[in-house]
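In: Just need the structure, nothing else, for what follows:
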Amino acid sequence: MRIAGQYCTMAFYNKYSEYFEWHQPIYEGLSMNEIISSTVALQRGRVFKAVCKGRKVHNTITLPSCHYNLAFELESVKDGVIKELIVSPIIRLQRDGFKAWEGLKIERIEFPDIDGGIFRRDVLHPHRPHAAYLKSICMTRRIVADNVIQMLKRHLFLKELNFHKVEFNPSKRLNFEETLKHIQKKTDLLWKFMVSHPGTTITVKWPLQQCLFYKDTDKLNTVQRLLSSEFILEATEYHVSCKLMKTQAMKTLEVNFIV
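Out: Numbering: from 1, shown residues only. Sure thing, here's the model as predicted:
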């Protein structure tokens, strides 16, 4: 049984299977298992806890989708190191949804865009992994620009930050000119804190988004007046396309929208 635990690639198919005393040799073997992936082990709390007893480095852990928070089983890692943590969607994220990774030694965190949801918070506040270990965060999931600004201001220990789907999210109550001023203000703030951040690689991208105002006339002149000359403008009969790219060393800001 102990040998089975030491060399298995999967242990217990049913996540909620009952524990029996005769299982104990399997768990003892799992503590010496170098084959089973940490992601597979995480599917069953007891299995992951046993694996973590003998595994000090986890190359990659992909978390399962959940409703309210990170998988609490992460706490079993304790003093181990996670090279890369991939966070699957959290459907109804709670304020303490990231509590499980508080103080953990995670080197890189990735948020893939799987369900199309949007973050409206700083994902590293109020709970964050060990700052001495966390070097990189990559987010292809949508996130509001204000929260990216918060993260740039707060987490100066990060060496690499990549946000690929930032949204400026202007209020629908804003008129045409107010929307342009809002976008320009957020663009300036993003670039200001990107440049001042000590990280070496920072990418912030706002992919093409439409903020359409059909009834406004003389759009091009208004856009030219309210946006900085750094924006490249292309006008049609009804709309104006606005594109900006700013680069300094390995820091890049891209903004792309239509009004």
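In: now the helices for the stretch 151-259 of the chain?
Out: 176-196, 219-226 (DSSP state H, counting those that start in this stretch).
In: Now do the shortest one and helix 176-196, the angle between them.
Out: With axes from the mean of the first three to the mean of the last three C-alpha atoms, to 10 degrees applied, the angle from helix 219-226 to helix 176-196 works out at 40 degrees.
In: which secondary structure elements does helix 219-226 contact?
Out: Of the remaining helices and strands, those touching helix 219-226 by 3 or more C-beta pairs under 8 Å, 6 or more residues apart in numbering; DSSP states H and E are helix 176-196, strand 232-235, strand 240-248. Glycine gets a C-beta too; all of them are placed from N, C-alpha and C.
In: picking up where we left off before, of the helices of the stretch 151-259 of the chain, flag the one that's most buried.
Out: helix 176-196 (a mean of 17; mean count of other C-beta atoms under 10 Å).
In: what's the neighbour count on residue 139?
Out: Neighbourhood size, residue 139 [other C-beta atoms under 10 Å]: 22.
In: That one against residue 151, yeah?
Out: No - the criterion here is C-beta atoms under 8 Å, and residue 139 misses it with residue 151 at 9.5 Å.
In: Mind listing the shared neighbours of the two?
Out: Counting by C-beta atoms under 8 Å, 6 or more residues apart in numbering, the common neighbours of residue 139 and residue 151 are residue 123.
In: contacting residues around residue 113?
Out: By C-beta under 8 Å, 6+ apart, the residues touching residue 113 are 140-142, 164-165.
In: What helix or strand is it located in?
Out: Here residue 113 sits in a region with no helix or strand, counting by DSSP states H and E.
In: Give me the local confidence score for it.
Out: pLDDT for residue 113: 86.
In: mind checking how far it is from residue 86?
Out: Residue 113 sits 12 Å away from residue 86 when distances are taken as C-beta to C-beta, to the nearest Å.
In: repeat for residue 24
Out: Distance of residue 24 to residue 86, computed by C-beta to C-beta: 31 Å.
In: Could I get the full set of strands for the protein?
Out: In the chain, the strands defined using DSSP state E lie at 57-62, 81-86, 105-106, 108-111, 118-119, 136-139, 142-144, 160-163, 166-167, 201-210, 232-235, 240-248, 251-258.
In: out of the contacts of residue 113, which are buried?
Out: The neighbour count (16 or more other C-beta atoms under 10 Å) marks 141-142, 164-165 as buried among these.
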